[in-house]
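Asker: here are the coordinates; sequence isn't available:
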């Protein structure tokens, strides 16, 4: 087990290097000259353009730029972004809000997705099952930028149930509404995954055996049905943590969450490689760790799965 | 104390306040609190807050509040002295500028002639890579300091004569030089700035109606806190205690905050809310034209748009667009149809310039011109006409679709929108002369002069000349306008040049921008400046 | 805790007691091994359809040589798991309804001209601003968009692009993700390490970044359209399915019937194809059918950001995003393409459910 952990953590190194190289290359390949983004509508004078090019190493060949970045990284320096700010301080500012947002979304989709899915799965084909099916269809069929605005308008503005936008500090309470919007699509997926697994397990012999043994319904559902249904759901949730953080670009924009999604999108449109690479690298690490946790969860959910 | 401040400001801004009462809405009966802080929307500035390095709106709007220069513009775009005592020149080439004595930056440092000389030199020098460097172009010596790789940072045309006087020698006479000086790039910076520009940009110190609230008042991606500068003595004295600029990622979001009274002043009603804002806001908004125009550049370097046939076709395109209908239906009358290349708020604007009939919708004439062009050179149908726009700014697709549909319906040719994911991608293609169709373009004036609409966009080699327009006669006319002895003579020449563009249509004027400022129930007295930016200093908080 | 563990052991075997399960599996594998050269799918797995037959097989195992088992299953006219599933499917009303709906959508996608009242992409469009956001009227049953176009015709015309994006992306993701996930989960060890970490890298990459770059490659730049989008979405969507597949495979790879199959010397490929993938498909089908909808919607988000379909190409997603601004005053242009999208997704979800039930004989038992 410990060896397995060490091995997985060691794998982070090549993943990190691979991801940074790939992302840096992709940003390098994005169309358009970063200078044009830096100079804006009205353009730069040639003298200014030359100075900026030098400042951001824009005319260096790809590998020079990349090694320059990695070299600095090893000394703990993430460099500066195109706005002249330290990338590390941008990350420190923006990541906490995004992480909070993702956690709320994750908790929301886990609690509601699993609960609803459990009920729908136990009474497959019943009215509850049909209702949540229609509900999840709405969630799936409407793009998040429409859904977000509609929820913001009705919940935030019209009914005044929540603040329509997030204040600077991005507290937990501010992030509930955006978190729910962000978690909605995944909520539908968790719901259906749970429902399927539950209905599959509910008719299994060991459930009948357990019931026959005189176990309470609650215990049967909790221990025998639910726990055995959790592997696909846990897999999905673990993966979703990463997806939620990276996919928060639109949601963060709608609710004005000062998070990483906006930074990433801005950096992408500018072609600001050091910024993009730093953001993505942190995401890769979070992602790998979340997946590791899920893999360890497998062993707990199903003791026959062992890691050596 | 409060009363005296208000009356002082009222005296100076009397004209402005007349128009202000006309549109000033709810809550005006209530007593205003002169120490209350108002909230306004902006976006995260792209660069540190340095006047000579700020050309985009996010930083620009903040810089405008904390950095005033020699002159400011009133809401009509007329210059009025701020730090300047006098700006004089006999030949419009050598200017003598006197500044008011005993003025101070908000850190206590005295503002002297040398402050101006140092700031302008800093802004112009290529080694400092300042985005607004080109504004110093008319000054003698600019060429040396701005050359690629130059290490020089003193322009020969700038001389501080004494503490309050300096002279500026220009490369050529320039009738609108005084008008330019109100642009924020010309504002003075204290000596502390030049020691550590990076730190200065985080916590800038200037002279203006407001100052940064404290060290670290710029909370990145979240808000920028400004408080009133009590030592400000110019024409823009604040009637409120400060401004908190909330930084939004998305204008639609700012609008939601406004209608829930979480935001006091919204610079511009977003396109997404144009359908509802009148019913949402009652009378808490204003429509005011400002110095900005939206055009459609049709590069002449493409085969279909070359030469005489190309010109006729561009005229046909222009006449096939029903600007009236689009501004009404798509923009809900928040734009007004354009009839020239400048803007209605600019001195010398005339909606009936010769050739302005090319901008009027005329389906039959359009068809006629198109057929005439066909006879000269047949239109290559394999090249579908595309209208390029960048999607990262948002809001363009709607009108591009509408224009495309109108041209399709009225000329019977294939037209479609072409979206670029990023601004830089579109810019790079435009700059490289690789556009394959028409492209959205536009101009927001830096200073209120007709020249500023045409010089940077239609002269040969200019950075924003997307259509690659090259007409020596046009340029001569523009230059003679610049060199004219009086502003009136200059305006006449500029109108002449404007009219030439209306014939050639290197790009097609679409509509003038309008500022649709909106405000919450908690404030009154909101008015919009000539550049479409609300005049925050006039806003009064009536409820908190 | 002990009890729970015990139950968990049962969980993997689901319905049969361990020995019976092992025998059943053994049977299948015997058939398999004998079959391997021919590679026929027809002859094995016969025991799955009824409990009685299985009983019979179990009895055979102890005494009959391998070849005999082989011939036995052949003459009993057993059917493959997939054929058995098909038999089940035909009888299900939800499947029939879903299939009819899907056929309808496909017909609309292939022959939109049979349905629309006017060709919305004709050179001279009928989009007139005077009709902007107009209400439904004769000949225009769904009203008009903000640009004054007929909503009904646009919904019909948008079917092709939307369906293609959804369907082909889902197929691509399931094939690529499924294979990679199954290999990673089954083999474990360094293969798992490499494949899973590769998935992590791809999944953490921002979709927008990938789309920006892929759209720029010369081929895709010249042919921007559905296929570009499919490639991008597959490229960045496969890790999800791979991960789900891997999890499901990890769950079943230690099941007793797999262990016994392995001990009987069945090839890895055989075990994967015959035993593991069919048993691990359920979560993949669930996610895939929902993803079909999310892919169609992702198209609209990407188009909204300028990296999806070209603005001239009609799709439900494009139309929904265009209609967003007027939503408060005229929700209909969002509603109709949204409804079309929902119905399409619904029919695929129903199809997926039916297919999953059919693939899982145990769930039918009650």
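Answerer: Done, it's in. Just so it is clear, the model here is predicted, and its values are computed rather than measured.
Asker: excluding its backbone neighbours, what's nearest residue B:188?
Answerer: Of all residues not flanking residue B:188 in the chain, residue B:115 sits nearest, at 4.1 Å (C-beta to C-beta, 6 or more residues apart in numbering or on different chains). (Glycine included, C-beta is placed from N, CA and C.)
Asker: what's the helix or strand for the one you found?
Answerer: helix B:113-124 (DSSP states H and E).
Asker: quick check: mean pLDDT across that helix?
Answerer: Average pLDDT, helix B:113-124: 94.
Asker: Identify the residues contacting it?
Answerer: B:51-53, B:70, B:97, B:99, B:105, B:128, B:130, B:132-133, B:135-136, B:139, B:142, B:145-146, B:153-155, B:158-166, B:185-191, B:193-194 (C-beta atoms under 8 Å, 6 or more residues apart in numbering or on different chains).
Asker: Just the buried residues of those residues.
Answerer: B:51-53, B:70, B:97, B:99, B:105, B:128, B:130, B:132-133, B:135-136, B:139, B:142, B:145-146, B:153, B:155, B:158, B:160, B:164-166, B:185-190, B:193 (16 or more other C-beta atoms under 10 Å in any protein chain shown).
Asker: Can you flag which of these belong to strands?
Answerer: Mapping the buried ones among the contacts of helix B:113-124 onto strands (DSSP state E) picks out B:97, B:99, B:158, B:160, B:165, B:166.
Asker: Hmm, the fifth one is touching residue B:100, no?
Answerer: No - using C-beta atoms under 8 Å, residue B:165 is not in contact with residue B:100; the gap is 11.5 Å.
Asker: Can you tell me the centre-most residue of the chain?
Answerer: Looking at chain A here, since you left the chain open. Geometric centre of chain A, nearest residue: residue A:244, 2.3 Å, by C-alpha atoms, centre = their mean.
Asker: My question was about chain C, not that one.
Answerer: Central residue of chain C (C-alpha atoms, centre = their mean): residue C:288, at 3.9 Å.
Asker: ok, then the element right after the one helix or strand that one maps to?
Answerer: Using DSSP H and E, residue C:288 falls within helix C:277-304. Downstream of helix C:277-304, the first helix or strand assigned by DSSP H and E is helix C:316-323.
Asker: Work out the gap between that next one and the centre of the chain.
Answerer: Using C-alpha atoms, centre = their mean, to the nearest Å, the mean C-alpha position of helix C:316-323 is found 25 Å from that of the whole chain.
Asker: How about it and chain A, touching?
Answerer: Yes - on the criterion C-beta under 8 Å from any C-beta of the partner chain, helix C:316-323 is in touch with chain A at C:317, C:320, C:321.
Asker: Could you measure from the closest residue to chain C within the stretch 351-500 of chain B over to residue C:84?
Answerer: Of all residues in the stretch 351-500 of chain B, residue B:391 sits closest to chain C, at 2.6 Å by C-beta to the nearest C-beta. According to C-beta to C-beta, to the nearest Å, residue B:391 stands 50 Å off from residue C:84.
Asker: and these two? which has more neighbours close in?
Answerer: A count of neighbours by other C-beta atoms under 10 Å in any protein chain shown puts residue B:391 above the other of residue B:391 and residue C:84, at 24 against 18.
Asker: so that one makes contact with residue B:417?
Answerer: No - judged on C-beta under 8 Å, residue B:391 makes no contact with residue B:417 at a distance of 9.9 Å.
Asker: shared neighbours of the two, anything?
Answerer: Common contact partners of residue B:391 and residue B:417 (C-beta under 8 Å, 6+ apart): residue B:397.
Asker: For residue B:389, give me the pLDDT.
Answerer: 90.
Asker: count of residues packed around the closest residue to it other than its chain neighbours?
Answerer: Spatially, and ignoring its direct neighbours in sequence, residue B:389 is nearest to residue B:396 (4.0 Å; C-beta to C-beta, 6+ apart). Residues lying near residue B:396 (other C-beta under 10 Å) number 20.
Asker: With residue B:381 instead?
Answerer: If we define neighbours as other C-beta under 10 Å, then residue B:381 has 10 of them.
Asker: And it, which helix or strand is it part of?
Answerer: Assigned by DSSP H and E, residue B:381 belongs to neither a helix nor a strand.
Asker: tell me which residues in the strand or helix carrying residue B:479 are buried?
Answerer: Secondary structure assignment for residue B:479, by DSSP H and E: helix B:472-483. The neighbour-count check on helix B:472-483 (16+ other C-beta under 10 Å) flags B:474, B:475, B:477, B:478, B:479, B:480, B:481, B:482, B:483 as buried.
Asker: and residue B:225, which of the three is it?
Answerer: Recorded secondary structure, residue B:225: strand (DSSP: H, G, I helix; E, B strand; the rest coil).
Asker: hang on, the earlier thing: now, which of the residues of helix C:316-323 next to chain A lie close to chain B?
Answerer: With C-beta under 8 Å from any C-beta as the criterion, no member of these is in contact with chain B.
Asker: related to what we said a few turns ago, what's near enough to touch the residue nearest to the centre of chain C?
Answerer: Neighbouring residues of residue C:288 by C-beta under 8 Å, 6+ apart: C:170, C:173, C:174, C:241, C:352.
Asker: so how far is residue C:92 from residue C:99?
Answerer: Separation of residue C:99 from residue C:92 (C-beta to C-beta) stands at 10 Å.
Asker: can you check residue B:141 too?
Answerer: For residue B:141, the distance to residue C:92 - C-beta to C-beta - is 85 Å.
Asker: got it, and residue A:192?
Answerer: For residue A:192, the distance to residue C:92 - C-beta to C-beta - is 18 Å.
Asker: and what of residue A:221?
Answerer: 27 Å.
Asker: Can you report how many residues neighbour residue 274?
Answerer: Since you didn't name a chain, this refers to chain A. By the measure other C-beta under 10 Å, the count of residues near residue A:274 is 24.
Asker: Oops, wrong one, chain C.
Answerer: Residue C:274 has 24 neighbouring residues, counting by other C-beta under 10 Å.
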